[in-house]
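Undergrad: Output the structure for:
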Amino acid sequence: MDIIEINEAFAAQVIACDRELGMDPEKVNVNGGAIAHGHPLGATGAILTTKAVYELERSNSRYALITACIGGGQGIAMIIEREKE
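TA: Down below sits the predicted model:
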């Protein structure tokens with residue numbers, strides 16, 4: 001993955017995910033997470049996706065992973081691809 005956007009509901013959650021999955025910290029929430037930008041319920045998925053799309057374009061990257069937690073212990077993930085010109 002070139003870009004990874006993780007729903008940062010809690011700071012420790014991103015650290016735990018990073019340690020467990022061995023992600024490259026240079027690719028995770030590169031423009032800041034929800035703690036920096038806000039975490040409006042109901043809009044988080046759209047915000048994370050928009051941030052990933054803009055970062056793919058800015059960095060001329062191809063793939064982005066967007067993840068989010070859902071109340072009740074569930075989760076969701078999406079991979080998007082930017083087509084090269």
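Undergrad: all helices for the chain, in order.
TA: Per DSSP state H, the chain has helices spanning 11-21, 34-37, 44-59. These are given in chain order.
Undergrad: Check which residues of the last one are buried.
TA: Counting neighbours by 16 or more other Cβ atoms under 10 Å, one finds that the buried residues in helix 44-59 are 44-45, 47-49, 51-53, 55-56. For glycine as for every other residue, the C-beta is placed from the backbone atoms N, C-alpha and C.
Undergrad: could you redo these as CSV and give each row distance to Gly71?
TA: As requested, the buried residues of helix 44-59 are arranged in CSV below (distance: Cβ to Cβ, whole Å):
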residue, distance to Gly71
Thr44, 12
Gly45, 13
Ile47, 17
Leu48, 16
Thr49, 19
Lys51, 22
Ala52, 22
Val53, 25
Glu55, 27
Leu56, 28
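Undergrad: could you dump those residues to CSV with distance to Ala68 and pLDDT?
TA: Below are the buried residues of helix 44-59 laid out as CSV (distance: Cβ to Cβ, whole Å; pLDDT from 0 to 100):
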residue, distance to Ala68, pLDDT
Thr44, 6, 86
Gly45, 6, 87
Ile47, 10, 91
Leu48, 6, 92
Thr49, 10, 94
Lys51, 12, 94
Ala52, 12, 96
Val53, 15, 96
Glu55, 16, 96
Leu56, 18, 97
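Undergrad: Looking at those, which one is closest to Ala34?
TA: Among the buried residues of helix 44-59, Thr44 lies closest to Ala34 (Cβ to Cβ), at 6.8 Å.
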